[in-house]
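Participant: model this:
(one chain, ligands or ions: 1)
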Amino acid sequence: MNSAIRSSGILLQPELPICQTDLPLDWYQEEFKPYAEEYLALPDRKPGTVLPWLDRYALPALDHFGDSLLLLAHFYMGGEIVKLVERYGGKVADSYALALQAARHPEKKVIVESAVHFMAETIATLARADQSVWITNPKAGCTMEMLAKDWMVQPVADQLLERYGDQLAVIAYMNTGGRLKALAGRTGGAVCTSSNAHLVMDWVRSRGKKVLFVPDQHLGRNTAVRLGIARERIAALPDPQTWRASLRVSSADWDALDRAEVILWGSYCGVHTIFKPAMVHWWKQRGWKVLVHPESPLEVVEAADGSGSTDYLWKAVMNATAGERIVIGTEGHFVRNAREQARQRGVEIMHLADIPDPAFQGGGCGCATMSRNDPPHLAGMLDLLRRGCPPEINRVLAGDVVDETTAVRERLSDAERQSLIREARLALERMIDITERARP
Ligand code: SF4
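Facilitator: Residues are numbered from 1 along each chain as shown. The predicted model follows:
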């Protein structure tokens, strides 16, 4: 299994201010407020100022836990958390590589994640009993996942399973809670990421199954089209925001669902759906190469020069040669980090939505919910763990469902959790197996 994470290559620049808006003090849990007050009182947000402050908490924690501590962050985190996590010996990766870290490093007993909750929960699902997983801010949810909680998806899946029986298998994108990953395991489906969705969908279809793809309709549609499935055989369920109250398949929808080879849950990522084909054309007409993430709408993917996962986009930037000009359609912090790194090698990077033309309104945005993990949360989490008093609300267990407004978690009983872990692991292990078998 290839789960090694290489350095992101991102360098801390002492004079470049932190790319992260300060959170209001009342957004912090009580236990984190003392750290936030100190941070907010710092004269600026330059690494030269922030680092000595953060060192006061991070270095004693590193000393205390030694090799048993593992810090993790996702590429979409605000630039400085990515850099800080690496500075303290941690790893930065996409969701696939993050998911494997606990299982691949049994010597790491305390795992601290700065990213969104589903990523931490996936790590916890694959973790061993003596490993604990902590998220620096439990309010860091993924908006796509928030529109596909199990209490929303399960009643609809039940109707589909009643009609199609074991002919239906669920593919759960990594951006789902553990309860939906378990549903994928139970129905003979698997988990997927944006880099292996085509492999997983192909595998499920080769077993003669109809697919329910959750939660991202765009990745599901892009993947189905990439596999050559006719568009009239791809059916999308409504935007979950419009049917939260009823959670029933309408009788008018059954014809299309019966015909479909792939049924898409109607969720989406607000960060990736701002992209329009006209933006792609604008850059291409000026000689730029355009690469986008497949959570973007199909028309955008079709207009671009290439599409692929976070890892694909990062490699494209890091392998570009001097003089290349690349526009990237994905999360804003990622593009900012990519631009900083590429500039040093003479490569120009722009964000797809940052068009200097009044006909296009607004620029590219970052994943605001993921960036709720800021330096005070990292400092506080490490210090509270070292002092032996971490808040239980920051501990992540498989099957937890979090209310991202209050951070309150609904937790399964031990027996329920063990059952969920068995089914969710089945879905994750199928993905890992399919992916690793396809490696050249
Ligand atoms: S960028 Fe979109 S899909 Fe990714 S974690 Fe943020 S909200 Fe979720």
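
Participant: List, one by one, the residues from the stretch 101-250 of the chain near the ligand.
Facilitator: 116, 142, 143, 144, 175 (CB under 6 Å from any ligand atom). For every residue, glycine as well, the C-beta is placed using N, CA and C.

Participant: Can you lay out those residues as CSV showing secondary structure and pLDDT?
Facilitator: CSV is the format used below for these (DSSP: H, G, I helix; E, B strand; the rest coil; pLDDT from 0 to 100):
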residue, secondary structure, pLDDT
116, coil, 90
142, coil, 91
143, helix, 89
144, helix, 93
175, coil, 95
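
Participant: Pick the one among those residues closest to the ligand.
Facilitator: Using CB to the nearest ligand atom, residue 142 is the member of these that lies nearest the ligand, at 3.1 Å.

Participant: which of the residues of the stretch 101-250 of the chain next to the ligand count as buried?
Facilitator: Buried subset of these (neighbour count, 16 or more other CB atoms under 10 Å): 116, 142, 143, 144, 175.

Participant: Tell me who's in contact with the last one.
Facilitator: The contact partners of residue 175, by CB atoms under 8 Å, 6 or more residues apart in numbering, come to 95, 118, 142, 144, 145, 215, 216, 269.

Participant: So which of the residues you listed sit within helices?
Facilitator: Judged by DSSP state H, helices contain the following of the contacts of residue 175: 95, 118, 144, 145.

Participant: What is the nearest of those residues to residue 434?
Facilitator: residue 95 (16.0 Å; CB to CB).

Participant: show me the contacts for the closest one.
Facilitator: Here residue 95 is in contact with 74, 119, 122, 174, 175, 193, 310 (CB under 8 Å, 6+ apart).

Participant: and the helix or strand harbouring the third one, average pLDDT?
Facilitator: It stands for residue 122. Taking DSSP states H and E as the definition, one finds residue 122 inside helix 117-126. What helix 117-126 shows for mean pLDDT is 94.

Participant: Name the surrounding residues that touch it.
Facilitator: Applying CB under 8 Å, 6+ apart, the external contacts of helix 117-126 come out as 72, 74, 95, 98-103, 111, 113, 133-135, 138, 140-142, 145, 174-178, 181, 396-400, 402, 404, 421, 424-425, 428.

Participant: and those residues, which are buried?
Facilitator: By 16+ other CB under 10 Å, the contacts of helix 117-126 give 72, 74, 95, 98-103, 111, 113, 133-135, 138, 140-142, 145, 174-178, 181, 396-400, 402, 404, 421, 424-425, 428 as buried.

Participant: Which members of those are positioned in helices?
Facilitator: Per DSSP H, the buried ones among the contacts of helix 117-126 map to helices at 95, 98-103, 145, 178, 181, 421, 424-425, 428.

Participant: for the residues you listed, which one is nearest the ligand?
Facilitator: The closest of these to the ligand turns out to be residue 145 (CB to the nearest ligand atom; 6.4 Å).

Participant: Against which helices or strands is the lowest-mean-pLDDT helix or strand in the chain packed?
Facilitator: Least confident helix or strand of the chain, by mean pLDDT, DSSP states H and E, is helix 79-87 with a mean of 76. For helix 79-87, the elements it packs on are helix 47-65, strand 69-74, strand 91-93, helix 332-343, helix 375-386, judged by 3 or more CB pairs under 8 Å, 6 or more residues apart in numbering; DSSP states H and E.

Participant: For the stretch 251-400 of the chain, what lies in contact range of the ligand?
Facilitator: For the stretch 251-400 of the chain, the contact set with the ligand under CB under 6 Å from any ligand atom comprises 269, 271, 295, 331, 367, 369, 370.

Participant: one more time with 5 Å, if that's ok
Facilitator: Proximity of the stretch 251-400 of the chain to the ligand, by CB under 5 Å from any ligand atom, involves residues 269, 271, 331, 367.
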